[in-house]
Every structure is written in C-alpha cells, then in structure tokens.
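**Student:** A predicted structure for the sequence below; I have some questions about it.
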Amino acid sequence: MFVELIATFVAGIAAAGAVMLVNRVLRGRLPRWFAPVAAGAAMILVTISNEYGWYGRTSGALPEDVVVAQTVESKAFYRPWTYVWPFVERFVAVDTATVRSHPNQPGIKLAEIYFFGRWSAVNKLPVLADCPGNRRAALADGIRFENDGAVDGAEWIAVSAGDPLVSTICGAG
C-alpha cells in the first residue's frame, strides 16, 4: 500500500514536471493551471491502473498448486467506469497440493483455502467438501474425525452443483 502511494505521488510530480518542461520549450504558451491538472490526472490514472492490475499481479505470483476458484468484481457509484469495466477486488484460491481424503470416505475432501482481498491480509481456512453431496463445511472447533473417516460436528452448507469452491476441491486430487 505504501509503495503504491509513493508511485502515485511520483506519477503526479513527473506529469507536472513534464508539463513544465513542455511549457518551457513552448516559451510559456500553456496556461498556468495545466501542470496541476496534469499531475492530478496522472495520479488518478496510476490509482486506477493499480486497482485493475492488483488481481493479475497477485494471482500471477501464486504457486502452481494454488488455483483461483472464485473472483469477486467490484462496481461503485464513485467509480462510474467500473459499471463498464469492473475490477476484481477479492478472490478465493484453493491449494490443490493440500487436498486429501480418507480411504473409507473418498467423496469427502479436505483442502486449505486462501482468501485474498485488495486491502486486507490473506486469510487461510481449512474446508471440507462433500463432492457427491454438493456441500461444504469450514473446519472449526468441535469437528471430530472418526476412525472410519466420517466427520462429526461439521456445519455443512448445501451448495449448487456448479459451486466453484467445491468444484475446484473435488477436481483436484
């Protein structure tokens, strides 16, 4: 966040400096207000570029085994261009290397899920997916695994057949 703030200020200073240089070459023919307007426009453009580039930079830096399962796009009235071109504000990724199941319960899989947000820390959560039953449960206190692999105490959530999280977990491993 701090680096992006510095980049925004540098872009504003560079744009104002470029306008001042062009004005000098043109022997003062540009209006005086043009340099601050150019600085403000450059700062806005850099901020928008950072918003739209965050998802690509972040998801591109993930290891091969971590697969993006779902994205959430953002639209806001104070960013009217987002109604035409929404940007990804957060996403959920599954670490496919951590997917495991019990030999007696092959339809129930356990995986590590990561939640990424634009201005928030990454959160990790172990999640159970019941592949044949189209449901999932977050691993929390009070959940027990029986010797035969059965899960006791899980709060299952029924999901649709095309749920991206369950599909990704069940398709990996």
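**Tutor:** Sure thing, it's come through. Numbering: from 1, shown residues only.

**Student:** so where's the longest strand in the chain?
**Tutor:** Counting residues, the longest strand found in the chain (DSSP state E) is strand 87-102.

**Student:** and it, what does it pack onto?
**Tutor:** Other helices and strands packing on strand 87-102, by 3 or more Cβ pairs under 8 Å, 6 or more residues apart in numbering; DSSP states H and E, are helix 34-60, strand 66-74, strand 105-117, helix 164-171. From N, CA and C alone the C-beta is placed, and that goes for glycine too.

**Student:** Helix, strand or coil: sort out the residue in the chain sticking out farthest from the centre for me.
**Tutor:** Computed with Cα atoms, centre = their mean, the residue of the chain farthest from its C-alpha average is R27, at 47.8 Å. For R27, the assignment made with DSSP: H, G, I helix; E, B strand; the rest coil gives coil.

**Student:** How about the secondary structure of N147?
**Tutor:** Under three-state DSSP, N147 comes out as coil.

**Student:** count of residues packed around it?
**Tutor:** N147: 7 surrounding residues under other Cβ atoms under 10 Å.

**Student:** Tell me which residues touch the residue lying closest to P103 once chain neighbours are set aside, please.
**Tutor:** In space, and not counting its chain neighbours, P103 is closest to G149: 7.1 Å by Cβ to Cβ, 6 or more residues apart in numbering. Neighbouring residues of G149 by Cβ atoms under 8 Å, 6 or more residues apart in numbering: 101-105, 108.

**Student:** so how far is L110 from G149?
**Tutor:** 10 Å (Cβ to Cβ, to the nearest Å).

**Student:** Now list whatever residues contact both of the two.
**Tutor:** Common contacts of G149 and L110 (Cβ under 8 Å, 6+ apart): S101.

**Student:** ok, the closest residue to P132 other than its chain neighbours - contacts?
**Tutor:** Spatially, and ignoring its direct neighbours in sequence, P132 is nearest to G107 (4.5 Å; Cβ to Cβ, 6+ apart). The contact partners of G107, taken as Cβ under 8 Å, 6+ apart, are 101, 130-133.

**Student:** Tell me where the model's unsure across this structure.
**Tutor:** 173 (pLDDT under 70).

**Student:** Return the most buried member of the helices and strands packed on strand 87-102.
**Tutor:** helix 164-171 (a mean of 20; mean count of other Cβ atoms under 10 Å).

**Student:** gap between the two ends of stretch 147-160?
**Tutor:** One end of stretch 147-160 to the other measures 29 Å (Cα to Cα, to the nearest Å).

**Student:** Not counting the longest strand of the chain itself, show me its contacts.
**Tutor:** So strand 87-102 is contacted by 51-52, 54-55, 58-59, 62, 65-74, 107-118, 120, 145, 148-149, 164-165, 168-169, 172-173 (Cβ under 8 Å, 6+ apart).
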